[in-house]
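Novice: one predicted model, sequence on top.
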Amino acid sequence: GAAYAQADADIRALVERTGIPYLPMAMAKGLLPDTHEQSASAARSYVLPEADVVMVIGARLNWLLSHGKGKTWGGKSAKEWGAQKFIQIDISPQEADSNVRIDAPVVGDIGSCVSALLSAMGEITQRSYQKDQRLRRGERVLARWTVSPGEWEQFTANEMSARPADGGNVNLVDMSQRVPVAGLDIIVGPDAVIVGDDFHQMTGLGKLGPTGPFWVSSQPPALEYHSSSPMPRTAW
């Protein structure tokens, strides 16, 4: 269903922003690579029975998913429910509760439903996705460079050592990226930053002032720019 809806970008955004494990059905292969850190393809027999809450997007709880019950889902017998709570996004209201109870049915086309979830989460919307694509094409780019794995590791170590006692991030951009051997691409726009595959909308930080961005003499070097509000200066 997700493939037909062409909602790949939004579904990927939903998976990555929530941090939930992702298990594709046959038609969803390739939507996220099997090597993705949230892919559970190699641990299917573990994640299904151990899951507390399952969100089903575009797939249906038919024989391919053992009808949502049985030993596949941790049930003691072939017909026993495994006690998971299900969220199901499907265009057909008849699918809800057809095999097991759906605790949170979401009826509608996948694209609209996932986009609405992202919007409600205050994360990437379709407009943000379009902005992401424009930056990647080189439109309104203020700075662009590649960080080597060694530089990223050192930068991450510096950020962790500077983290306050309450555990908050000094650096506002997520630092959990795995850097490929070829390096990690960084793209800075007027109000957004792309770090590898991740798009970061700088909502609430204002737009770049006329003096930014500029390099800070540090090890490794860092890029700094001025924002109008609420913080006088923010660095990445």
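Specialist: Arrived safely.

Novice: please make it C-alpha for all contacts and neighbour counts, starting now.
Specialist: Will do.

Novice: residue contacts, Val147?
Specialist: Going by C-alpha atoms under 8 Å, 6 or more residues apart in numbering, Val147 touches 183-186.

Novice: which of the residues you listed has the most neighbours?
Specialist: Leu184 (20 neighbours; other C-alpha atoms under 10 Å).

Novice: centre of the chain to the stretch of helix or strand Ser119 belongs to, how far?
Specialist: According to DSSP states H and E, Ser119 maps onto helix 110-120. Centroid separation between helix 110-120 and its chain, computed with C-alpha atoms, centre = their mean, to the nearest Å, is 13 Å.

Novice: which positions within the following helix or strand past it qualify as buried?
Specialist: Downstream of helix 110-120, the next assigned helix or strand under DSSP H and E is helix 126-136. For helix 126-136, a neighbour-count test (16 or more other C-alpha atoms under 10 Å) marks 131-132, 135-136 as buried.

Novice: relative to Gly68, how far out is Met25?
Specialist: Noted for Met25: a distance of 14 Å to Gly68, by C-alpha to C-alpha, to the nearest Å.

Novice: these two: which is more packed in?
Specialist: More neighbours surround Gly68 than the other of Met25 and Gly68, with 28 against 13 (other C-alpha under 10 Å).

Novice: who touches that one in this structure?
Specialist: For Gly68, the contact set (C-alpha under 8 Å, 6+ apart) comprises 61-62, 81, 99-100.

Novice: of those residues, just say which sits nearest to Ala51.
Specialist: Ala51 lies nearest to Trp81 out of the contacts of Gly68, by C-alpha to C-alpha, at 12.5 Å.

Novice: contact partners for the nearest residue to Gly19 once chain neighbours are set aside?
Specialist: Nearest non-adjacent residue to Gly19, counting by C-alpha to C-alpha, 6 or more residues apart in numbering: Gln38, 7.1 Å away. Contact analysis of Gln38 by C-alpha under 8 Å, 6+ apart lists 15-16, 19-22.

Novice: and Asp52, by the same measure?
Specialist: 83-85.

Novice: mind putting these in a markdown table, neighbour count, distance to Val47 and secondary structure included?
Specialist: A markdown table is the format used below for these (neighbours: other C-alpha atoms under 10 Å; distance: C-alpha to C-alpha, whole Å; DSSP: H, G, I helix; E, B strand; the rest coil):
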| residue | neighbour count | distance to Val47 | secondary structure |
| --- | --- | --- | --- |
| Ala83 | 18 | 14 | coil |
| Gln84 | 22 | 11 | coil |
| Lys85 | 16 | 14 | strand |
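
Novice: flag the least confident of those.
Specialist: The lowest pLDDT within the contacts of Asp52 belongs to Ala83, with 82.

Novice: now do Leu174, the pLDDT please.
Specialist: Quick fix: residue 174 reads Asp, not Leu. We note a pLDDT of 50 for Asp174 in this prediction.

Novice: to clarify, my last question referred to Ile89.
Specialist: We have a pLDDT of 92 for Ile89.

Novice: which element, helix or strand, includes it?
Specialist: Counting by DSSP H and E, Ile89 is part of strand 85-90.

Novice: from the chain's centroid, how far away is whichever helix or strand comes after that strand?
Specialist: Downstream of strand 85-90, the next assigned helix or strand under DSSP H and E is strand 104-107. In this view, strand 104-107 has its centroid 21 Å away from the chain centroid, taken as C-alpha atoms, centre = their mean.

Novice: each with direction, which strands does strand 104-107 pair with?
Specialist: strand 85-90 (parallel) (DSSP bridges).

Novice: before we move on, the earlier item: keep only those of the contacts of Val147 that are in strands.
Specialist: Taking DSSP state E as the definition of strands, those contribute 184-186.
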